[in-house]
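Novice: kindly return the folded structure for what I paste below:
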Amino acid sequence: QVQLVESGGGLVQPGESLRLSCVVSGSFSSIGDMGWYRQAPGTQRDFIALISRGGYTNVHRSVKGRFTISRDNAKNTVYLEMNSLIPEDTAVYYCNADVTSSVTLSANNYWGQGTQVTVSP
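Specialist: Next up, the predicted model:
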């Protein structure tokens, strides 16, 4: 069973920074693309950033220059460094990953449970 577990969320003031982490665990043979999404109350889940296994990144223009995605393949972990946070960044942040089963060798898409980020004075 594959699990994605996020950590690093919390309450911060505007202008501060947070670093989110997401660890993939369980039985699998490889991890492909990994990404971050967020969902504010009453809104849909929105794409933030994606990183391929080889390190190619795609960051949404709304957070480009403030947010950076990275990964450590040896640790099966993806990170989201968030700087200059603003109240509009308040949301539940979700990790997403394409994971290939070590049994079936088929790739499936998985989500984490989410971590709350609140930016407030």
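Novice: find the nearest non-adjacent residue to T68, please.
Specialist: E81 (4.4 Å; CB to CB, 6 or more residues apart in numbering). From N, CA and C alone the C-beta is placed, and that goes for glycine too.
Novice: thought that neighbour was touching R19?
Specialist: Yes: applying CB atoms under 8 Å, one finds E81 in contact with R19, separated by 5.2 Å.
Novice: give me the residue at the spatial middle of this structure.
Specialist: In the chain, the centroid-proximal residue (CA atoms, centre = their mean) is W36; its distance is 3.1 Å.
Novice: that residue in helix, strand or coil?
Specialist: Using DSSP: H, G, I helix; E, B strand; the rest coil, the structure places W36 in strand.
Novice: distance check, it against A107.
Specialist: W36 is 19 Å from A107, where distance means CB to CB, to the nearest Å.
Novice: please apply the same query to R19.
Specialist: Per CB to CB, R19 is found 27 Å from A107.
Novice: just N73 next, same as before
Specialist: The spacing between N73 and A107, counted by CB to CB, is 16 Å.
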